[in-house]
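Peer 1: attaching a predicted model along with its sequence, questions to come.
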Amino acid sequence: MFFIYSFTADTPPNICITGPYKTWRAVIPADTHSLSPVLYCSGCEDHVSVSADQPNSQMETDEPQSFFAAFCQLLFKSVRYICIYIIEFFTGPKQSLKGNHSDNKVNLVLLGMSGTGKSASGNTILGRRQFVSRTSSVPVTTECQVEETEINGTCVCVIDTPDIFDDEIESSVKNQHVTKCKQLLQSGPCVFLLVIQVSRFTDLERDILRKLEKAFGSKAKEQTVILFTRGEDLQCADMNLEDFLQDCNSDLKNIVDQCGRRCVVFENKTSHKHQVTKLMQKVDEMLNKQQNQ
């Protein structure tokens, strides 16, 4: 005689017991508060209801109680709590690491014109200096680069990119950068961080959303959070982000509105973690909203 215990996430746990004459299959109900296994005999109509809560109860059968049935009763009592644990593990609620959406990994793609602070913002998110960032009259970032960190239990893949929006850059070069960026994307949702300086908004950035959608698809702006850099300039002007958005250029206002007014501001010269916390809250809110639609 031998028995096989098996379970899946979609069906109740069951136990198969093979004896000399009959094979019994026990199905454990998913209701763990009234766990009472039922035995089904393969090839016949016999069935046994086993009470796990009444130690001295007799099993109800269509035939007189057999030694084999009594053995099964004791067996199922002994595995009752194991079954409860397994059922709750597979059917109970799972706590997401990132809020309500189910993924525990997210890709953050830094996009924007040269000199807006993409690499510096990436270092702020990572909490360490990983991307090359320095003042220069020529572009510093010339290739896509990906680095990972963990934020509140979520694996965050940060992808730094060269400028793919400058009209003076050859289309073939920009296409290579876009292709490389897509290759670096890992499993999990993708969020575009459109990096813009609060103190500089150029004519080349007026149609940046059109260029974004051309590179990453028509729904790219629905996955975009605007990351304003040089937040210290706002402090010097005694302004907050809302003051800035109210008084900013009309074209910039239009970009902000098209992106659902999902905006954060970074001061990359400081290492205040609350900046990253606010960014991840925006990312979570956006992903949760998309999942619920």
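Peer 2: Structure received.

Peer 1: if you count neighbours, what's buried in stretch 188-199?
Peer 2: Residues of stretch 188-199 classed as buried under the neighbour-count rule (16 or more other CB atoms under 10 Å) are 188, 189, 190, 191, 192, 193, 194, 195, 196, 197, 198. Bear in mind the C-beta positions are built from the backbone N, C-alpha and C, glycine included.

Peer 1: tell me the contacts of the nearest residue to the third one once chain neighbours are set aside?
Peer 2: I take that to be residue 190. Leaving aside its sequence neighbours, residue 190 sits nearest to residue 107 (CB to CB, 6 or more residues apart in numbering; 4.5 Å). By CB atoms under 8 Å, 6 or more residues apart in numbering, residue 107 lies in contact with 157, 159, 185, 186, 188, 189, 190, 191.

Peer 1: among those, which are located in strands?
Peer 2: Under the assignment DSSP state E, the contacts of residue 107 contribute 157, 159, 190, 191 to strands.

Peer 1: adding pLDDT, write the residues you listed out as TSV.
Peer 2: Listed next are the ones in strands among the contacts of residue 107 as TSV, based on pLDDT from 0 to 100:
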residue	pLDDT
157	97
159	97
190	95
191	97
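
Peer 1: quick one on the thing from earlier: now, which of the contacts of residue 107 sits nearest residue 261?
Peer 2: The nearest member of the contacts of residue 107 to residue 261, counting by CB to CB, is residue 191 at 15.5 Å.

Peer 1: you'd agree the closest one is up against residue 226?
Peer 2: No - Residue 191 lies out of contact with residue 226 (CB atoms under 8 Å); the separation is 11.5 Å.

Peer 1: which residues does the closest residue in space to residue 240 that isn't next to it in sequence contact?
Peer 2: Nearest residue to residue 240, sequence neighbours excluded (CB to CB, 6+ apart): residue 234, at 6.6 Å. Contact analysis of residue 234 by CB under 8 Å, 6+ apart lists 198, 240, 241, 243, 244, 265.

Peer 1: can I get these in CSV including distance to residue 180?
Peer 2: What follows is those, written out as CSV (distance: CB to CB, whole Å):
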residue, distance to residue 180
198, 29
240, 37
241, 32
243, 38
244, 33
265, 29
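
Peer 1: whichever of the residues you listed end up buried, select them in PyMOL.
Peer 2: A single PyMOL command selects the buried members of the contacts of residue 234 (16+ other CB under 10 Å):
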select buried, resi 198+244+265
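
Peer 1: so which of the contacts of residue 234 are in strands?
Peer 2: residue 265.

Peer 1: got any ranges where the stretch 151-293 of the chain has weak pLDDT?
Peer 2: Of all residues in the stretch 151-293 of the chain, none has pLDDT under 70.

Peer 1: where exactly do the helices run in it?
Peer 2: Along the stretch 151-293 of the chain, counting by DSSP state H, counting those that start in this stretch, helices occupy 171-184, 208-216, 231-236, 241-247, 250-258, 273-292.

Peer 1: between the ones you listed, which one is closest to residue 129.
Peer 2: helix 273-292 (14.7 Å).

Peer 1: pull out the buried positions in the closest one.
Peer 2: 275, 276, 278, 279, 280, 282, 283, 284, 285, 286, 287.
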